[in-house]
Each structure stands twice: as C-alpha cells, then as structure tokens.
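J.: Just need the structure, nothing else, for what follows:
(chains A and B)
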Amino acid sequence: MAVISRRNMLKGAAGAAALATVSKASTTFAAPAVIQSGPVEITYWSAYSGELGDADKAQVEEFNKAQSDIKVNMQFQGTYEETAQKLTAAIQAKDTPDLVVLSDVWWFKFYLAGALKPLDDLFTANNTPIDDYVDALVSDYLAQGQHWALPFARSTPLFYYNKDMFTAAGISEAPKTWDEFVGYAPQLVDKDKSVVAYSHGSAASYLAWIFQPVIWQWGGEYSDADFNIKINSEAGVAAGTFYQKSIQDGWANSVDDPTADFTNGLCATTVASTGGLKGVKDGAAFEFGTAFLPEGPAGFGCCTGGAGLAIPAMSEKADAAYAFTAWRTQPENTAWWSENTGYMPVRKSAVDSMTDFFTENPNFKVAVDQLAKTRSQDSARVFIPNGDQIIGGAIEKIIVDLGDVKGALDDVAKTLTEEAQPVIEAIQALATPTA
Amino acid sequence: MAADYQVPAQSGLLSKRQRIWLGNGAAYLGLAVILLLIGIPLFWMISGSLKTTQEVRSIPIKWFPSAFRWGNFKEAWEAAPFGRFYINTLITTAIGSGLELINAVMTAYALAFLRFPKKNLVFMLILIALMIPDEVVIVPNYLTISDVFGHSWVNTYQGIIIPGASVAFGAFLLRQAFLGLPREVIEAAKIDGAGHVRMLKDMVVPMARPSILTFGLISLVAKWNEYLWPLVVTNEDRMRTLTVGLTYLFDNEGNTQWGVVMAGTIFVLAPLIFVFIWAQRFIIEGITSGATKG
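T.: Below is the predicted model of the structure:
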C-alpha cells in the first residue's frame, strides 16, 4: 500500500482526511479489494458528454494524478435515463459500478429498491463538513434520516434573454413578472427571421422540470409531499392555459432543444438549466443576460434539479468511491466544476472563492443568487417512476395539440395517482421495521 | 417477354409512342421523388458536417456552408476514441454477420430440404421468435450474458456478438428462398449421390446467391448500426462501437454541436455506403442471372 507523500497529498482538509481514512482502512481491516499493492481501482459511471463530458474527464484525470491510492475509471453511459437503465441492469447482474451519477428523478427509485448505500457513516468517518453543503441541495437526498447521495451537478431553471434583441425592441431589462413579459413579447417576434419571443422545450428536454416553477408561480403544485396529485387543480389549469396561450398568441413556439435555439438566435428568451450556461456563453454570437424566473400571479417560484453522486450498495469499494466524491465536492473543486459547466457550487464556502469569477461572469452570479430562493421539487415528478416524462407528455400535449387543458391535466392526474401507488406502498414497507 | 408485349390498339387517345413516353416520364418522376427523399437527408448531413452550429440551425435554411469547416471532423474524431470504436465495430460486424449468415443458411437448409419429426413445430417456433421485438429480450439477454457458466461476458466481443448471431429472420427469409429453387436440380443432384454438404455448397448456395447476399447485406447494415445492445452490454470505452460513440458528441444540457455530430455521422456511415455500392452489382447480377432462366 503506497503511503501518501506530502507532495501527493491533496489540497484541502476533507480530501486528505478522506484518503487517510482509506489507506488506514486498507491496512487495518484489510478490505479484500485493497489488499493488493497499487491503487484501488473504482468504476465511476458518468452521464456527461460533449463539453460537460470534457470537464468531467478533466476532473477525474486531475484526481488520478493528484494521488496514487485510488484510480478512478470513468465510464460514460449515455444520458441520465440511459445511465439509470444501465444501473438497473447492472444491479440485476450483481455487477455495479462504485459510483454513479443519478439525476433528480432517478436516485429515489434506486433508494427504494435498496440499491444505494447510505452515506452518513462515511460523512462521520471522513469528517465531511456536511453543514457546508448548500442545505437546499443536500437535503434533497434525505430519506429515513440518512443521505443517499451527494449533490454534484445541480442546476436550477434560469431565465435567459438575448440582450441584442431586447435593445432592438427598446426593452432595457429582463421582466420581473410574466405579465410584464407578455405585454411586450409580441415586439420580440420577428416573423421574417422566424424568431419568437420564447421557446418551450419538449418532454424529452425535461419540459416537466421547466414547468414545475411555473405551476408554483400560479399557486399550484404537481402534488403534495404525500403523493396527493394536485396538477389538475384550478391553479394548475391556469398555469397550463398560460403556456397554451403563449403559442396561440403567436409569441412562443415549442422546440426540441430550446437552449440551442436560444444560442443560435431563434428565440429572444427561454427558460433553461443553468447547466447550459457555459455552452450558451461559448456558442452565442450576441450578448445575453440571465435573470431570475419571472413571477406569476402567486409570486416567485423556482426549483432545483440536476444530478448527484451515489454509491451503489453492492460496491465493495465504497470508501474509495466516497473519497473521490468528497474530493470532487471540496470547495475549490466544486468552484472549478461550477465555473466550467454552469452547475451550482454545492458548497457554501466555494461561493466565497468565486468572487472574481462572478465579477467577470455576472450571468453565473444570477444563477447562484437565485439558488437561495429555490425549493425542492414536487414528489409527483421526482419520486414517481417516469413521473417526469408522464407530466412532460401532458404539457407537450397542451402546447402542441392545443387541446383542452383541463382534460389533459385530468388524464395525467389519473395516471400519476395510479403510478404513485406502488411507491407509496414501498415507502410504507421501508417505514415498517422488519421483525 | 415483357418488352415485346403487344398493346391492343383499341385505345385511340394516345399512340403507343406517346404512351411509352408518358410511362417513362412517370417512371423518371417517381425516381426523382425517391432520389430526393433519400438524397436530401444525405445531402443535409454532408453539408451540415461542414457548417457551424449556427448555420445548421439558421432559418431560412442555408443549403451550403458559407465556409468549409473541416475542423468539425477533427473535433468529432477527438471527442471519443473513434479509432478503437472502428476496430470494435469491424470485428463485431464481420464476425456477427458471418455467424448469422452461416446459421441462417444452415437452419434454412434443414427446414427446406431435410425430413425430421416436428419440423413444422420448429418452423413455428422460429416464426414466433420473429414476432418478439428486440427490446423485450434486452434484459433477459443481459442477465444471461453477465453470467455465462460463471463468467461475465459484459465488456467482451462475444458478449456483443453472440446474442445476435442467430436470428429467426434470416432462417425464415432463406427457407422461403430455398423452397423456391427448382426441385428438379435438387433431385438430380441427389440421384447423382450428392451428400448434404455438397448439396448445400455446390447447389443451394450458388443458386440462392441473390437471396443470401441480400440477407448478408441486411445483416451487415443491422450489425453496423446496432445501438441499444452494444450500449447495454459495454461499460468501457475500449469495447464500445461506432454508433455508441456518436452519443459522446451530444450534450446533456442541450447545445449540441450539430456540425460536429454530422461530421461524426459521416465517418460512422462512410464504410457502410462503400460496401453497399460494392455489393450492389452482385445483387443485380444475381437477379438478372435468375431472369434469363425464366
């Protein structure tokens, strides 16, 4: 077992402590996986490709270079959905990775199946300052008094607007409310160039996530915490009608990839993930701004989303996997990841070190400021299997088929209620102690 | 026979000449439509591969790139270990198609020419297997492959190849083709004392060459383009295939660089297109050689 030299020692107390624990564990307890000399190899399943994949890879390589006890093998598995499906198969075959990226709508399913490792013992063993993690993000993974993942690539919806188009239309700043925006939206439309004022996404580009804050802004919700479905309430219908009217009035459209349309100047505004911020910044040939989500009749509303890192229960190298996770979420590494992707800094102390970056990139600052005002998503989207796509499909129907809003939401409420049943039963089964 | 067919002269509206001209015109029009249907996406892919993402997405449509961005190809090639992916796809396609073809020919031969009990039942089972969509068997196949007599075939060539090495479709298609072969020739060979191997090798396979080649080509394209199974059964870069490699070019949060994706698609597709052009003459040759015999 290689001794951690001072030179190799990682910057930051948490990571070093984590590693020290790993090397200690391997000598004292002689865990089978780390008996042989040479580094412990862990498998990390990533869901990032493109620019995000480059940033992910860069951090893995840096970790591998910075120390010699653990070697992380990063393996890209496709989208969040494909990664989750592959994990399902891997669990069936009893051959799981040691660390996996799970999105907001997937981790709970694996938790319910007993496939994830609770992390609180590892926090204690590694002196992880859990208080320094942004509460709104870390508490998302809390169930049965334990944390089941650490926040990593977390994002929020963000209002993006094309400053050049705003200036051309004589508008000086981003709208405070949707009402205000609807007032001048027609001026932002340019029929000759097929430019619309706002682009909606599709179910596949997580429309249900973008609509989550909207239903809150209208005073409704998808469901309460106990899976009572409220999506077809009066407020829900009003929010849906607002979406539908945006299409009927001709200032919005529905596209496959709104972020790309925005970057390429096909819409004046859109609401998209902060995770796309870096991509927009690199790709846009115009000046753009970001702002808090506009308020609705019931005020402000914004959710969080994105992915966390979880350790499958079957992994025999949880200590090493955790050491890597702890290293990645160290303040300076969190800051690096955040600056290079647009995901939220998950550590409070990381935000302090990003002051210079914020001065140069005020758009990132807006996203971080908005984070303080977010709340956790409704259970219907994140905890019901496929809830995201079920809701997304209904919204898509409302803005593409332009049919009866109430009818579409009634249908989806019925589906969600049915789909929630097994989840409720599974939660009850977990709550009942086995004799 | 068809060429000398005499048109009865009762319709006085158009002369024979005019009618042929019209017929040809209609045929050419149909060809042109089909050419456009197939050609436009191909053209769009090629022109897209040389554009910036802005140009790909711009409205009104820009048919030609303003400047050739050859850098897209470089960027796509470097986004993932595509060299390795090429080797993997070549191996899995060649062996996979080869095995599938051999299996299909032998199964079809047995079904067409051998007499054995419950032959119809076997054929029925093959037909039933034909009806089961691939997606349904993904999980059972994965479980089987992940524990083959105590060995995991995940991340191996055999793991990618074996589940697809024998499919009902080929056996079904070739059985029908073999049944259509002239019985007299088969009987004659039998009387001359040809065994099954000789019969298969020297009689059935040469006579059914167009069908076998056609199926071979279908199999080749299917294996080359297969996405879901190689994705499921491989976790590591070193075992992945070209089609899975294309997903490395997409971006999770939107903002996919379409120029780069198109460039990647071209070098994934190119070998297949060349194989198609090359193999086409065999198929045409096969069809015409059959036609002269009536």
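
J.: from the stretch 1-150 of chain B, which residue is nearest to chain A?
T.: Closest residue of the stretch 1-150 of chain B to chain A, Cβ to the nearest Cβ: B:Ser146 (3.4 Å). To be clear about C-beta, it is placed using only N, CA and C from the backbone, and glycine gets the same treatment.

J.: Hmm, that residue is touching A:Ala93, no?
T.: Yes - using Cβ atoms under 8 Å, B:Ser146 makes contact with A:Ala93 at a distance of 3.4 Å.

J.: quick one: low-confidence ranges for the stretch 151-300 of chain A?
T.: By pLDDT under 70, the stretch 151-300 of chain A contains no weakly predicted segment.

J.: The stretch 251-400 of chain A against chain B: which residues are in contact?
T.: A:257-261, A:263-266, A:272-273, A:275-276, A:279-280, A:283, A:285, A:342 (Cβ under 8 Å from any Cβ of the partner chain).

J.: if you set the cut-off to 7 Å instead, what comes out?
T.: Neighbours of chain B within the stretch 251-400 of chain A, by Cβ under 7 Å from any Cβ of the partner chain: A:257-261, A:263-264, A:266, A:272-273, A:275-276, A:279-280, A:283, A:285.

J.: give the contact list for the residue of the stretch 1-150 of chain B closest to chain A.
T.: Contacts for B:Ser146 were tallied using Cβ atoms under 7 Å, 6 or more residues apart in numbering or on different chains; they are A:93, A:95, B:152, B:154.

J.: per-residue confidence for it?
T.: pLDDT, B:Ser146: 88.

J.: backbone phi and psi for it, please?
T.: Main-chain torsions, B:Ser146, degrees, to the nearest 10: phi -80, psi -10.

J.: so how far is whichever helix or strand A:Lys245 is part of off the chain centroid?
T.: Element membership for A:Lys245, per DSSP states H and E: helix A:234-248. Centroid separation between helix A:234-248 and its chain, computed with Cα atoms, centre = their mean, to the nearest Å, is 25 Å.

J.: following it, which helix or strand shows up next?
T.: strand A:252-254.

J.: Adjacent strands (with direction) for that next one?
T.: strand A:196-200 (parallel) (DSSP bridges).

J.: got the angle for the helix holding A:Lys245 vs strand A:196-200?
T.: 130 degrees (axes from the mean of the first three to the mean of the last three Cα atoms, to 10 degrees).

J.: which secondary structure elements does helix A:234-248 contact?
T.: In terms of contacts (3 or more Cβ pairs under 7 Å, 6 or more residues apart in numbering or on different chains; DSSP states H and E), helix A:234-248 is packed against helix A:207-217, strand A:252-254, helix A:387-400, helix A:405-431.

J.: what's the nearest residue to B:Ala177 once chain neighbours are set aside in contact with, if anything?
T.: Computed as Cβ to Cβ, 6 or more residues apart in numbering or on different chains, the closest residue to B:Ala177 that is not its neighbour in sequence is B:Ser211, at 3.6 Å. B:Ser211 sits next to B:173-174, B:177 when contact means Cβ under 7 Å, 6+ apart.

J.: B:Ser211 is in what secondary structure piece?
T.: B:Ser211 belongs to helix B:209-225, assigned by DSSP H and E.

J.: Buried residues, the next helix or strand along the chain from that helix. List them.
T.: The element immediately downstream of helix B:209-225 (helix or strand, assigned by DSSP H and E) is helix B:228-233. Under the neighbour-count criterion of 16 or more other Cβ atoms under 10 Å in any protein chain shown, helix B:228-233 has B:229-233 buried.

J.: repeat for stretch B:258-275
T.: With burial defined by 16+ other Cβ under 10 Å, the residues of stretch B:258-275 counted as buried are B:258-269, B:272.

J.: Near chain A, list only the ones from those.
T.: Of the buried residues of stretch B:258-275, not one also sits near chain A (Cβ under 7 Å from any Cβ).

J.: out of those residues, which one sits closest to chain A?
T.: Closest to chain A, out of all of those and judged by Cβ to the nearest Cβ, is B:Trp258, at 7.9 Å.
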